[in-house]
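Engineer: task: produce atomic coordinates for the following.
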Amino acid sequence: MQIHFIAIGGSAMHNLAIALHKKGYRVSGSDDELFEPSKSRLDGYGLLPETVGWDPERITPDLDAVILGMHAKSDNPELIRARELGIRIFSYPEYLYEQSKNKTRIVIGGSHGKTTITAMILHALKHAGMDCDYMVGAQLDGFEVMVRLSHDAKIMVIEGDEYLTSPIDPRPKFHLYIPDIAVLSGIAWDHMNVFPTFDCYLDQFRKFIDLITPGGCLIFSEDDPELIRISRSIRKDIRVFPYTVPPHAITGGVTHLILGDQTFPLQIFGRHNLMNLSAALKVCTLLGLKEHEFFAAMTTFKGASKRLELISKNPSTAVYKDFAHAPSKVRATLAAVREQFPGRSVIACLELHTYSSLNREFLPHYAGTLDAADLAMVYFNPHALQLKRLPPITKEQIFEGFANSALQVFNDSGALQEMILSLPTGNSVFLLMSSGNYDGMDLQQLGKRLTSR
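Structural biologist: From the prediction side, this is the model:
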């Protein structure tokens, strides 16, 4: 098979390209911009385009398929050429389904926790020696790539994002995977630029459930009121498995799972992570693992990248970074830190980076989300609003949206870093939340400076 990727440099796209190359396919690609780490990773496999930019001459009749990334536009010259030649055009999720349509598909959806649940499942299956293909939205310890596609694996575990499929296909990605086993972690309105109302957003999850294969399974959080309501009206042939927080105890700053008279110490913490673990447990037991096998595997699970990831620590100070950006994620992450370190001062900083978080109409959804912090800070870059073609927002609007009069708001990353470094560090936890990078702030170096005093 010969496959060409339009916009090969994307995080998901370059991993799929590598996966197909490792499967034995001939892979080519193009992009108008290539950044690290995808640039070096593509180069390491001999897949880096020789030149940057689009060239319709790359699209030849001998191609079996073209895979179109979200970064490309609908008027892309290579896409136009592929259509003229009648070559099959796939979106990223369409091609994942194409590769897995004869396998048992486990699809993890929901507004939060998808990456962590997927990572937990993969970690447990690997620990048990169970072969599987997968797609996960973060780089995981012990896994070379974020996508694996093989000839022999009987199952495929897929992180199911509700964002749009491609420039020419407005369907949510997770609608294309047709799960045999579906997981929904919870529903909290996100992607306001795509789903303008909560009802519109909610409808995408109803459709996802309707796409479960006949006789398939739905695993869902029974702590989520929207999922409880939806579960009452799903098809009768779908088997339903609700989950909640498993029995556990926190001793000496470590969370332990409890199974009968056995305890299993974890390297992760927080109620939301215990919920994620419970969802992963349901999947793995359906696939044949025993509870104690799964719990034993979880003792060595360190978490997915940027999900309450420890940057640096000393006996009295810890610095974490987290991908939290939506209101529900911010609230849950901060609550987890507060619960795990009850005697410490918590300094929380949130970067507003997504379309929703930078939308002045969405800001009131953040009301109270940072109240559990002893010191709360919010950062945003006015230039990001210009790039996203959003109306300007003011510091006053952020104060009002978060409903927190003690909030400190910054729009200069240098000033933010100075502020953080000026704070006392004894008996404290620093929590840096963002789906971006604080406009290039070196968080690793910042963490080291905070814990080296």
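Engineer: all strands for the stretch 151-300 of the chain, in order.
Structural biologist: Using DSSP state E, counting those that start in this stretch, the strands of the stretch 151-300 of the chain run over 155-159, 164-166, 169-172, 181-184, 217-221, 239-243, 248-251, 254-259, 262-265.
Engineer: pull out the buried residues from the helix or strand where residue 79 lies.
Structural biologist: Residue 79 belongs to helix 77-85 when elements are defined using DSSP states H and E. Within helix 77-85, the residues that qualify as buried are 77-79, 81-82, counting by 16 or more other CB atoms under 10 Å. The way it works is simple: take the backbone N, C-alpha and C, and place the C-beta from them, glycine included.
Engineer: how far off centre is the next helix or strand along the chain from that helix?
Structural biologist: As assigned by DSSP H and E, the chain's next helix or strand after helix 77-85 is strand 89-91. Distance, stretch centre to chain centre, for strand 89-91: 22 Å (CA atoms, centre = their mean, to the nearest Å).
Engineer: mean confidence (pLDDT) on strand 89-91, please.
Structural biologist: Predicted confidence along strand 89-91 averages 96 (mean pLDDT).
Engineer: if we look at the longest helix that the chain contains, which residues are touching it?
Structural biologist: Criterion DSSP state H: the longest helix present in the chain is helix 271-286. Here helix 271-286 makes contact (CB atoms under 8 Å, 6 or more residues apart in numbering) with 106, 108, 112-113, 116-117, 120-121, 124-125, 128, 157, 181, 183, 185, 217, 219, 221, 223, 241, 243-246, 248, 255, 257, 266, 268, 291, 294, 298, 303, 308, 332-333, 335-336, 339.
Engineer: which ones among these map onto helices?
Structural biologist: Per DSSP H, the contacts of helix 271-286 map to helices at 116-117, 120-121, 124-125, 291, 294, 298, 332-333, 335-336, 339.
Engineer: any chance of these in CSV, plus neighbour count?
Structural biologist: Shown next, in CSV, are those (neighbours: other CB atoms under 10 Å):
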residue, neighbour count
116, 29
117, 31
120, 28
121, 30
124, 24
125, 24
291, 15
294, 26
298, 23
332, 22
333, 26
335, 15
336, 23
339, 14
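Engineer: ok, the residue nearest the centre of the chain - contacts?
Structural biologist: Nearest to the mean C-alpha position of the chain, by CA atoms, centre = their mean, lies residue 115 at 4.5 Å. Going by CB under 8 Å, 6+ apart, residue 115 touches 136-138, 159, 304, 307, 323.
Engineer: quick one: which of those residues is nearest to residue 392?
Structural biologist: For the contacts of residue 115, the residue nearest residue 392 by CB to CB is residue 323; the value is 25.8 Å.
Engineer: the nearest residue to the closest one once chain neighbours are set aside in helix, strand or coil?
Structural biologist: Nearest residue to residue 323, sequence neighbours excluded (CB to CB, 6 or more residues apart in numbering): residue 306, at 4.5 Å. Using DSSP: H, G, I helix; E, B strand; the rest coil as the criterion, the local structure at residue 306 reads coil.
Engineer: so what's residue 306 up against?
Structural biologist: Contacts of residue 306 (CB under 8 Å, 6+ apart): 138, 321-323.
Engineer: give me the phi and psi for the residue located most distally from the centre of the chain.
Structural biologist: Centroid-distance maximum for the chain: residue 61 at 36.4 Å, with CA atoms, centre = their mean. Dihedral pair for residue 61: phi -60, psi -20, per degrees, to the nearest 10.
Engineer: if I look at it, how far off is residue 89?
Structural biologist: Distance, residue 61 to residue 89, using CB to CB, to the nearest Å: 14 Å.
Engineer: and residue 345, by the same measure?
Structural biologist: Applying CB to CB, the value for residue 345 to residue 89 is 54 Å.
Engineer: same question for residue 429.
Structural biologist: Distance from residue 429 to residue 89, by CB to CB: 48 Å.
Engineer: residues near the closest residue to residue 190 other than its chain neighbours, how many?
Structural biologist: Counting by CB to CB, 6+ apart, residue 190 lies nearest to residue 326, which is 4.7 Å off, once chain neighbours are set aside. Number of residues near residue 326 (other CB atoms under 10 Å) recorded here: 24.
Engineer: again with residue 68
Structural biologist: 27.
Engineer: the one 5 residues further on now?
Structural biologist: By the other CB under 10 Å criterion, the neighbourhood of residue 73 contains 14 residues.
Engineer: against residue 70, how distant is the closest residue to it other than its chain neighbours?
Structural biologist: Nearest non-adjacent residue to residue 73, counting by CB to CB, 6+ apart: residue 167, 5.7 Å away. Residue 167 is 7 Å from residue 70, where distance means CB to CB.
Engineer: what do you get for residue 284?
Structural biologist: Distance from residue 284 to residue 70, counting by CB to CB: 31 Å.
Engineer: what about those two, which has more around it?
Structural biologist: residue 284 (25 against 18).
Engineer: on that earlier part again, residues contacting the nearest residue to the residue farthest from the centre of the chain once chain neighbours are set aside?
Structural biologist: Distance criterion CB to CB, 6+ apart; nearest residue to residue 61, sequence neighbours excluded, is residue 85 at 5.6 Å. By CB under 8 Å, 6+ apart, the residues touching residue 85 are 59-61, 63.
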